[in-house]
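*Asks:* no sequence for this one, just the structure:
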C-alpha cells in the first residue's frame, strides 16, 4: 500500500468508524460518560480514576472523541499530500476543496458534539451529529476515488438520472433512520429526551421508504443490464448489484432488530450497515457519470 492509498483509505475508514463508535456510545449508555465539554470531566481532558460516570462509560465516550481527532490529523495529511504532490492535476482545486471540507467538518463535529453534551443528548443535536457525517463520508470517498484513479464510466442520461434519484432517496432513508433512532430506547443516557413520535409509525415509515429504495435499485440494475454497453454493465452494474445486496441485508437486519425488541448488538450491526449502504450509494454516484461529450464507453 502506497502513501496515498494509506492516507485516503484510512481517512474513509475513520469517518465511517466515527459513526460506529458513536453508536457504541449510545448503545452502552455512555452518552454522558464525559459530562463536560471540551474537557471530559472538570479539570481533566481525559477520564479520571473513580469518575462518577464510571470508567467504562467515560472511556467509551472519550474514545469516540479521540476518533474525531485522528480524523483531523488524517484530513490535514490529506491536504498536505494534495498541495505537495498534486498541484499539476487539472482537478487540483476540487481535491484541495474536498480536503479542506474534511478539516472544516471536524470543527463542525466538535461544535455539534459540545452541543450534544451541553443539551444532555437532545435528539436533534444527536441526529445532526450523524447527519454531518454523511457528507463527510461522501467527501472522503470522493477523495479516495479521485486520487487513486478509480474507474469511471459514462451513463445514458436516463441511467444517470435514476442513479441520482436512488442516491438521493438513500440519503432520505438515512435521515428517517435518525428519527427512528431518536424515538427509540437507546438514547445514550436514561434521562435523555426523545422525539415525540409514535415509535411504530416512524419505524414503518422508514421501512416503507427502504422498500421503495430497494425497488428502485432493482430498476436501476435492470436498466443497466438492458440499455448500457458491456463496459458499463461490467463496472457500474457490478457496483449497483453490490449496493442491492448491502441494502437487502441492511433491510433484513432492520426487521430483525424491530421484531426482537432492539437488542444492542443487532442495533449496532444496523448502524454499521447504514454506513455501508451510504458508501455503496456514493460509490455508484462517483463511478457512473453523465458523458457531456456524448461519447459512450465501450462504443
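*Replies:* Alright, I've got the coordinates. Just so you know, these numbers come straight off a predicted model, no measurement behind them. Numbering: from 1, shown residues only.

*Asks:* and the helices in the stretch 151-299 of the chain?
*Replies:* Here the stretch 151-299 of the chain has its helices, by DSSP state H, counting those that start in this stretch, at 157-183, 199-227, 230-259, 264-287.

*Asks:* of all those, which lies closest to residue 141?
*Replies:* Counting by C-beta to C-beta, residue 141 lies closest to helix 264-287 out of these; the figure is 5.3 Å. Heads up, the C-betas are built off the backbone N, CA and C, glycines and all.

*Asks:* which helices and strands does the closest one pack with?
*Replies:* Applying 3 or more C-beta pairs under 8 Å, 6 or more residues apart in numbering; DSSP states H and E, one finds that helix 264-287 contacts helix 3-27, helix 123-147, helix 157-183, helix 230-259.

*Asks:* in a markdown table: the ones you listed, plus mean pLDDT.
*Replies:* As requested, the helices and strands packed on helix 264-287 are arranged in a markdown table below (pLDDT from 0 to 100):
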| stretch | mean pLDDT |
| --- | --- |
| helix 3-27 | 93 |
| helix 123-147 | 95 |
| helix 157-183 | 96 |
| helix 230-259 | 95 |
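
*Asks:* now distance to residue 280 and mean neighbour count too, for the ones you listed, in a markdown table please.
*Replies:* A markdown table is the format used below for those (distance: least, C-beta to C-beta, whole Å; neighbours: other C-beta atoms under 10 Å):
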| stretch | distance to residue 280 | mean neighbour count |
| --- | --- | --- |
| helix 3-27 | 12 | 20 |
| helix 123-147 | 10 | 21 |
| helix 157-183 | 9 | 18 |
| helix 230-259 | 4 | 18 |
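
*Asks:* residue 192: which of these is closest?
*Replies:* Of all these, helix 123-147 comes closest under C-beta to C-beta, at 7.5 Å.

*Asks:* gap between that closest one and the chain center?
*Replies:* Distance of helix 123-147 from its chain centroid, counting by C-alpha atoms, centre = their mean, to the nearest Å, is 5 Å.

*Asks:* same for that helix, what does it pack against?
*Replies:* Applying 3+ C-beta pairs under 8 Å, 6+ apart, one finds that helix 123-147 contacts helix 3-27, helix 92-118, helix 157-183, helix 264-287.

*Asks:* measure residue 12 to residue 178 for me?
*Replies:* According to C-beta to C-beta, to the nearest Å, residue 12 stands 21 Å off from residue 178.

*Asks:* which of the helices of the stretch 151-299 of the chain sits closest to residue 23?
*Replies:* Across those, residue 23 has its closest neighbour in helix 264-287 (4.0 Å, C-beta to C-beta).

*Asks:* pLDDT on the closest one, on average?
*Replies:* The average pLDDT within helix 264-287 is 95.

*Asks:* buried residues of that helix, list them for me.
*Replies:* Buried residues in helix 264-287, counted by 16 or more other C-beta atoms under 10 Å: 264, 266-287.

*Asks:* and the angle for it with helix 157-183?
*Replies:* For helix 264-287 against helix 157-183, the angle by axes from the mean of the first three to the mean of the last three C-alpha atoms, to 10 degrees is 160 degrees.

*Asks:* tally of neighbours for residue 189?
*Replies:* Counted with other C-beta atoms under 10 Å, the neighbours of residue 189 add up to 18.

*Asks:* residue contacts, it?
*Replies:* Counting by C-beta atoms under 8 Å, 6 or more residues apart in numbering, residue 189 makes contact with 29, 31-32, 120-121.

*Asks:* widest-spaced pair of those?
*Replies:* Comparing every pair within the contacts of residue 189 by C-beta to C-beta identifies 29 and 120 as the most remote, at 13.1 Å.

*Asks:* break the protein down into its domains, please.
*Replies:* By the assignment in automatic domain parsing, the chain contains the domains 1-150, 152-299.

*Asks:* list the contacts of residue 120.
*Replies:* Listed by C-beta under 8 Å, 6+ apart, the contact set of residue 120 reads 32, 189, 191-193.

*Asks:* same thing with residue 173?
*Replies:* Listed by C-beta under 8 Å, 6+ apart, the contact set of residue 173 reads 206, 209-210, 213, 277.

*Asks:* redo that, cut-off 7 Å
*Replies:* Shown in contact with residue 173 (C-beta atoms under 7 Å, 6 or more residues apart in numbering): 209-210, 213.
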